[in-house]
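> The following comprises the amino acid sequence and a computationally predicted model.
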2 protein chains.
Amino acid sequence: MCASKVVRFRGIKPEIRILGLDDGAFLPHTAGKADVVGVVFRGGRWLDGVMRTEVTIDGLDATERISSMVTESPHYEQLRVLMLSGITFAGFNVVDIRELFESTSLPVIALTRERSDLEGVRRALENLPDRAVRWRSVQSAGDVFQVKVRSGVAPVYVQVAGVSIGDAEGIVRLSCTRSGFPEPLRVAHLIASSLSKAGFRLSVQE
Amino acid sequence: MCASKVVRFRGIKPEIRILGLDDGAFLPHTAGKADVVGVVFRGGRWLDGVMRTEVTIDGLDATERISSMVTESPHYEQLRVLMLSGITFAGFNVVDIRELFESTSLPVIALTRERSDLEGVRRALENLPDRAVRWRSVQSAGDVFQVKVRSGVAPVYVQVAGVSIGDAEGIVRLSCTRSGFPEPLRVAHLIASSLSKAGFRLSVQE
């Protein structure tokens, strides 16, 4: 798929299926895994499903793990867009949103409350192995755009792959039903945070 | 607290905080634990929080584990009612809803899609240790009442502790926003089910 390809939305349906993704708590700088939770939302209204995967803390597998979780989900055919809580998961496991768009064929919106400090990220990466790979993923996310959700509410900041800024703005605004923050990301955060509350867990594959 | 005491609701607020509780997947008849997830809902609209605990498969600790999770939660002061997906969790770990009401001071509504087969439950308990204790908890839940949610939708069945049937009906109807089933229980089920999808997990307390 051509990297400059963009999915065009002919009007954004109020119940567009959005997958909101966030990571759970983890012990920084340890050799473990962190939960990543995906919640399927119809627009900003109804939760339709929940999925979960794990990514390596400060690892390099976030893009691939998220991509597999999405494409193997029974919700995949219904999904129209992925909404990520920023591009770094489980520490500095950077998601390459362009690669994620190409492997899932779903547009990606990475969204944060604060404008990301690119210089700070670059410095932090210096202490990690494979920093060239990580930096490439950071750069792949492209420019940061400010989105005004509505008056009286702080703006949010987005990076996009496979979708125009205009469409991304429309999707973000539509999903901010309960607050000035997209409902799929608000709920993904609540669920992901709850998983680790009773202590960090080991995983045992069947 | 007197067992016959009932919390009276002077009009049920549309955003009444309901905790919906359901269990996750588990391997039946094994000596493990199953997840129990609680979701805080404002009426049938917004998810305000998620909590999680674990109970022993076919154990006797569900009442106490759920009670501790609720009373130790930062949401406790806001909660007005507990809504359980039936009275049995993780196999035949029976919740004593009267005891749960007394230990949390929160009214309890145990709700199922089908009218429970009391005779079937009694027979199943015969294969388990401590069947007298379990049977007492089953009986403690009292009569089963049919609740008509609205026309064109299958009724649900409830058992109550600490709340009148009239108030329980009002709370159930108010919470059935998205479907003919209460939103706090629908969402608790989606979240609890997702936890075990990637394989059953061992827990490690910090």
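Structure received.

> Could you use CA atoms for every contact and neighbour count after this?
Fine.

> Residues contacting the helix or strand hosting residue A:64, please?
Secondary structure assignment for residue A:64, by DSSP states H and E: helix A:62-71. Helix A:62-71 has contacts (Cα atoms under 8 Å, 6 or more residues apart in numbering or on different chains) with A:51-56, A:76, A:89, A:93-97, A:99-100, A:103-104.

> Mean pLDDT per element in chain A, and the minimum belongs to which helix or strand?
Ranked by mean pLDDT, DSSP states H and E, the weakest helix or strand in chain A is strand A:201-203, scoring a mean of 40.

> Quote the end-to-end distance of stretch A:31-49.
By Cα to Cα, to the nearest Å, the extent of stretch A:31-49 from end to end equals 30 Å.

> May I see the buried residues of that stretch?
Burial within stretch A:31-49, assessed by neighbour count using 16 or more other Cα atoms under 10 Å in any protein chain shown, is assigned to A:32-49.

> For the spatially most central residue of chain A, give the beta-bridge partners.
What sits nearest the mean C-alpha location of chain A, by Cα atoms, centre = their mean, is residue A:84, with 1.4 Å. When assigned by DSSP bridges, residue A:84 has beta-bridge partners residue A:21, residue A:110.

> which ones are touching residue A:15?
A:42, A:43, A:44, A:45.

> what comes up buried for stretch A:135-145?
A:135, A:137, A:138, A:140, A:141.

> which one among the contacts of residue A:15 gets closest to chain B?
residue A:45 (8.3 Å; Cα to the nearest Cα).

> Redo the contacts of residue A:15 as a markdown table? Include pLDDT and secondary structure.
Below are the contacts of residue A:15 laid out as a markdown table (pLDDT from 0 to 100; DSSP: H, G, I helix; E, B strand; the rest coil):
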| residue | pLDDT | secondary structure |
| --- | --- | --- |
| A:42 | 96 | strand |
| A:43 | 93 | coil |
| A:44 | 92 | coil |
| A:45 | 93 | coil |
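
> got any ranges where chain A has weak pLDDT?
A:1-4, A:197-206 (pLDDT under 70).

> and with 80 instead?
Chain A contains residues with pLDDT under 80 at A:1-4, A:196-206.

> May I ask you to name the longest helix in it?
Using DSSP state H to define each element, chain A has its longest helix at helix A:183-195.

> is chain B contacted by that helix?
Yes - using Cα under 8 Å from any Cα of the partner chain, helix A:183-195 reaches chain B at A:187, A:190, A:191, A:194, A:195.

> Those into JSON lines, with extra columns for distance to residue B:15 and neighbour count?
Formatted as JSON lines, the residues of helix A:183-195 next to chain B follow (distance: Cα to Cα, whole Å; neighbours: other Cα atoms under 10 Å in any protein chain shown):
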{"residue": "A:187", "distance to residue B:15": "17", "neighbour count": "25"}
{"residue": "A:190", "distance to residue B:15": "19", "neighbour count": "20"}
{"residue": "A:191", "distance to residue B:15": "20", "neighbour count": "27"}
{"residue": "A:194", "distance to residue B:15": "22", "neighbour count": "19"}
{"residue": "A:195", "distance to residue B:15": "25", "neighbour count": "24"}
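
> Just give me the neighbour total for residue A:183.
28 (other Cα atoms under 10 Å in any protein chain shown).

> Show the contacting residues for it.
A:41, A:44, A:45, A:175, A:176, A:177.

> If I follow the layout properly, residue A:96 ends up in contact with residue A:87?
Yes - the pair residue A:96 / residue A:87 is scored as a contact, 7.4 Å apart, by Cα atoms under 8 Å.

> Need the residues touching each of the two.
In contact with both residue A:96 and residue A:87: A:138, A:141, using Cα under 8 Å, 6+ apart.

> Do a quick rundown of the strands in chain A.
With DSSP state E as the criterion, chain A has strands at A:17-23, A:33-42, A:46-56, A:81-85, A:88-89, A:93-94, A:108-112, A:145-147, A:156-161, A:201-203.

> closest one to residue B:169 among those strands?
strand A:46-56 (22.7 Å; Cα to Cα).

> which residues sit against that closest one?
A:31-42, A:61-62, A:65-66, A:69, A:73, A:75, A:89-90, A:93, B:178, B:187, B:190-191, B:194-195, B:197-198.

> quick one on the thing from earlier: what separates the residue nearest to the centre of chain A from chain B, distance-wise?
Residue A:84 sits 19 Å away from chain B, going by Cα to the nearest Cα, to the nearest Å.

> mind checking how far that residue is from residue A:160?
10 Å.

> can you list residues touching both of the two?
By Cα under 8 Å, 6+ apart, the residues touching both residue A:84 and residue A:160 are A:108, A:109, A:110.

> Out of these, who's the most crowded?
residue A:109 (30 neighbours).

> Surely it is in contact with residue A:82?
Yes - using Cα under 8 Å, residue A:109 is in contact with residue A:82, at 6.2 Å.

> Thanks again, I'm all set now.
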